[in-house]
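# quick one, structure for this:
(one chain, ligands or ions: 1)
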Amino acid sequence: MSANVALPDITATFRHFGVIPVITIEDASASAGLARALSEGGLLCAEVTLRTSCALESIERMRVAAPDLVLGAGTVLTEAQADDAVRAGARFVVAPGFNRKVVDWCRGRDVPVYPGVCTPTEIEAALDAGVRELKFFPAEAMGGVACLKAISAPYGAVSFIPTGGINLSNMANYLALPHVIACGGSWIASAADLSAGNFAAVRSQAADAVAQAQRARPLA
Ligand code: 3PG
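Model prediction:
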């Protein structure tokens, strides 16, 4: 997907790449190099977690450094955080759990939101709130592909972004499931690589992740 092509929608973008880097940034000075590395690696989406005090500034800086990146905010726990993230330029919101207030805030403003679930009860709460595209978290700790297959079976219209414990070696197992949109993971832009300014590693890990996703499931 070239930077000049209008992106259809956020979920379609995730589906296209098959993988979403989940990034926690400790120092905003890494943001520009990080954003360019992802873009050069051909991975044009990223979730920046709101777990650090520089997360919002980092989203702003990444947006400027690589305007072709589709950026969102993760670990969004409150409506105020969702508001801050959108003001900083986040185009989607991800959460580790299902918080009805956060979901309603986003849906009321047409901000794509992907709340986290890992039980049938949570899936049904999300459906009740009108959301069918969900983060499955923490994927590996909850039982991985077998668990996702089992809990998704009753809910045909629901699709998932498995995240938590996913890496290059197990990603394809998730992408083989028809109701998986994409996998999220922190290995593509690790804290160690960011603090060392090792953007070449980020670029190559991004490219490897896209290539692996493409092998597992040809690009849409
Ligand atoms: C998340 O924030 O979604 C997860 O912590 C990412 O999980 P991972 O570090 O195991 O990829």
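
# CA atoms for contacts and neighbours, from now on please.
OK.

# how about the residues of this protein by the ligand?
Residues of the chain lying close to the ligand by C-alpha under 6 Å from any ligand atom are 22, 163-166, 185-187.

# pLDDT of stretch 155-169, averaged?
The average pLDDT for stretch 155-169 rounds to 97.

# list the contacts of it.
Contacting residues not belonging to stretch 155-169 are listed as 132-141, 152, 174, 179-185, 187, 209, 212 [C-alpha atoms under 8 Å, 6 or more residues apart in numbering].

# which among those end up buried?
132-140, 152, 174, 179-185, 187, 209, 212 (16 or more other C-alpha atoms under 10 Å).

# go through these and flag which are in helices.
139-140, 152, 174, 209, 212 (DSSP state H).

# closest to residue 62 out of the residues you listed?
Nearest to residue 62 among those, counting by C-alpha to C-alpha, is residue 209 at 19.9 Å.

# need the three-state assignment for the closest residue to the closest one other than its chain neighbours.
Once flanking residues are discounted, residue 209 sits nearest to residue 168: 6.4 Å by C-alpha to C-alpha, 6 or more residues apart in numbering. In three-state terms, and counting by DSSP: H, G, I helix; E, B strand; the rest coil, residue 168 is coil.

# list phi and psi for residue 168.
phi -60, psi -30 (degrees, to the nearest 10).

# that one: neighbouring residues, count only.
A count of nearby residues for residue 168, using other C-alpha atoms under 10 Å, gives 16.

# go on, the one 5 residues further on?
Applying the criterion other C-alpha under 10 Å, we find 13 residues in the vicinity of residue 173.

# for it, what are its contacts?
Contacts for residue 173 (C-alpha under 8 Å, 6+ apart) come out as residue 145.
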